[in-house]
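1. model the following, please.
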Amino acid sequence: MTSASCLSLDEIDAFLRRGFPQLYVHGDIFSVTAIGHGTCRMQMAYHDSQLRPGGTISGPAMMALADVALYVALLGAIGEVPLAVTTNFSINFLKKPAPRPVIADCRYLKIGKSLAVGEVSLFSEGGDAPVAHVTATYSMPPA
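-> From the prediction side, this is the model:
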């Protein structure tokens, strides 16, 4: 990660558990493994609930990981702002992900006063080619 985050790994974990308990309905599936100023790495552990027919990780599961990673990376730059929201989200599915953990590498391209634009590359654990690429915009509430 390039520069220091406003939040520690423990602080972001506590924030997500308080604010988004639905992430943990199947256990500790989502985990932030690194956070910086506008960057993060997250992992989504494998769980049968993520599969779609054909034995691959579903699109909605990958989209959830990417969206949470973008949120976490933004909070790493601006601190705890619970009402920052996704305003645009685009995903390109590049390769069939294997039924194993998925890693999200996220970075912001620009963080302005009211909008932030970021991207996420998703990888199957152990793979070196991305399985999906996401671009998204987040809106931040006025101070």
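2. tell me which residues touch residue 3, please.
-> 36, 37 (CB atoms under 8 Å, 6 or more residues apart in numbering). (Each C-beta comes from the backbone N, C-alpha and C, glycine too.)
3. biggest helix in this protein by residues?
-> For the chain, the helix that runs over the most residues, judged by DSSP state H, is helix 59-78.
4. what residues of that one count as buried?
-> 61-78 (16 or more other CB atoms under 10 Å).
5. past the lowest-mean-pLDDT helix or strand in the chain, which element shows up next along the chain?
-> Among the helices and strands of the chain, strand 51-52 carries the lowest confidence by mean pLDDT, DSSP states H and E, at a mean of 80. Where DSSP states H and E defines the elements, the next helix or strand beyond strand 51-52 is strand 56-57.
6. other residues contacting that following strand?
-> 46, 50, 51, 96, 97, 98, 99, 102, 124, 131.
7. out of those, which one has the lowest pLDDT?
-> pLDDT across the contacts of strand 56-57 is lowest for residue 51, at 78.
8. surely it and residue 59 touch.
-> No - counting by CB atoms under 8 Å, residue 51 stays clear of residue 59, with 11.5 Å between them.
9. one step back: what packs against the longest helix of the chain?
-> For helix 59-78, the packing partners by 3 or more CB pairs under 8 Å, 6 or more residues apart in numbering; DSSP states H and E come out as helix 9-19, strand 30-36, strand 39-44, strand 85-93, strand 102-111, strand 115-124, strand 132-139.
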